[in-house]
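Enquirer: predicted structure and sequence below. I'll ask about it afterward.
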Amino acid sequence: MPIEHDPTLVALSLLVAIQASYVGLNLALRVSQAFALNRRLLIAGAALSFAIGIWAMHFVGMLAARLPVTVDYVVLPTLLSFLVCVLVVGIAVYLATLRSQRLLFIAASVMGVGIASMHYIGMLALHASAHMMHNPVYVLASVLIAVLASGLALWLAFASETRPPLLVCAAVLGCAISGMHYTAMAGLTLHPIVGALPPGTPAISGDLLAVIVSVVAFLVSGVFMLALVPDQRESAADPVIVPEANEPDPIPAPITADSVTPVSGSVAELTVADAPTQATSDAPIYEATLPVEKYRGSQTINTADIFSVHANAHYTYVFNGREDIFCPLSIGEIIARLPPDIFFRVHRSYIVNIQRVARLKRAGDNGIADLDSPVRRSVPVSRSRLPQLREQLTEYLRTRDN
């Protein structure tokens, strides 16, 4: 028999999904500019926010359904559905924060399958009350909706050249969560078990329980936002330091290997600027390219195309302004191959191209460098290296203006 839904609770479930998606995406977008412990906390917070919102949306959606039998939810499948959702969505969030086109596709698939898995595992909790039959066409359609809509939301948030307001991304992801649920419910047929009790009067009304679950989901998401999002007053943008007009020019330093400058915009090769002829042979030669692996093939990337480098265990990811590309070198090997007047190690896990820095912000005692890239990217700057980065940015601006 067809299942009817309460329109008010359906709207409430959609609102829960959008709100949780907004908080989860907000936290996930901050991962790339966070330090080690904060990075893990943000990923965990985003995964839990998503999972709680997805679970709460499905729970409210089930309360919106007018079922022909009294439903007793079995605890184990209900709890298992939530744990699976946390794990799978956490993996998807981590992959999405790496901002690789290939990994973003995998993240969308993982998140979509996670949403669908949570739904169908949770539905097992109803088997004690009724026998269920799922139409395979609707099952496939629900999974496709979850994967495709999740992919669109993640692409808008992490890979789009002109990212729309975060609320739009959250609305798309919220529709993916709700759309998957109600599509699956449209293909569900319930057969009451012989001897099952007819619908009775529960101890607490379904409408009140839906409101309670929604309020709890809102409060938990709010706690994550308050605990993990930095104070805006602390992260207010500081402009990149520009030398004062009356500031005396610094005393010229002796020419060393640190004075290398790019020969051209494409950085075909690097030499020591204005160095004496006899010193040229002793100058270090920096690499014009770095080895990377993309789409199952070994390639190279020009150093001029590198915006930043992020260490991941013994390997690294090179950001080219649009996506992160895997590099088999360690961050120590990479910094040794790059010219020090252009690339600066701002953190033990990050290298930044000084010429690609749009502005420098302060975040508590540390800093954040916003990159001038098609896809938004911020790089954390450790407190001990913040003054030196400011000096190098100042020197670069002077050289560029002259």
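Expert: Sure thing, it's come through. Numbers count the residues shown, from 1 in each chain.
Enquirer: now do the strands in the stretch 301-402 of the chain.
Expert: 308-312, 315-319, 324-327, 343-347, 350-353, 357-363, 366-371, 378-381 (DSSP state E, counting those that start in this stretch).
Enquirer: want to throw those strands into a markdown table with distance to Arg400 and mean pLDDT?
Expert: Backbone N, C-alpha and C define where each C-beta goes, glycine included. What follows is those, written out as a markdown table (distance: least, CB to CB, whole Å; pLDDT from 0 to 100):
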| stretch | distance to Arg400 | mean pLDDT |
| --- | --- | --- |
| strand 308-312 | 19 | 87 |
| strand 315-319 | 22 | 87 |
| strand 324-327 | 27 | 84 |
| strand 343-347 | 16 | 92 |
| strand 350-353 | 14 | 92 |
| strand 357-363 | 12 | 84 |
| strand 366-371 | 17 | 86 |
| strand 378-381 | 20 | 86 |
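Enquirer: want to throw those strands into JSON lines with distance to Met62 and mean neighbour count?
Expert: JSON lines is the format used below for the strands of the stretch 301-402 of the chain (distance: least, CB to CB, whole Å; neighbours: other CB atoms under 10 Å):
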{"stretch": "strand 308-312", "distance to Met62": "40", "mean neighbour count": "21"}
{"stretch": "strand 315-319", "distance to Met62": "41", "mean neighbour count": "22"}
{"stretch": "strand 324-327", "distance to Met62": "39", "mean neighbour count": "22"}
{"stretch": "strand 343-347", "distance to Met62": "46", "mean neighbour count": "23"}
{"stretch": "strand 350-353", "distance to Met62": "45", "mean neighbour count": "25"}
{"stretch": "strand 357-363", "distance to Met62": "42", "mean neighbour count": "18"}
{"stretch": "strand 366-371", "distance to Met62": "42", "mean neighbour count": "22"}
{"stretch": "strand 378-381", "distance to Met62": "40", "mean neighbour count": "24"}
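Enquirer: which one's the longest helix in this protein?
Expert: In the chain, assigned by DSSP state H, the helix with the most residues is helix 36-64.
Enquirer: remind me what it packs against, helices and strands.
Expert: helix 7-29, helix 75-97, helix 101-123, helix 166-186, helix 206-228 (3 or more CB pairs under 8 Å, 6 or more residues apart in numbering; DSSP states H and E).
Enquirer: right, and those helices - which one's nearest Lys294?
Expert: Closest approach to Lys294 among these (CB to CB): helix 101-123, 8.0 Å.
Enquirer: pull out the buried residues from the closest one.
Expert: 102-105, 107-123 (16 or more other CB atoms under 10 Å).
Enquirer: next: stretch 38-58.
Expert: Counting neighbours by 16+ other CB under 10 Å, stretch 38-58 gives 38-39, 41-58 as buried.
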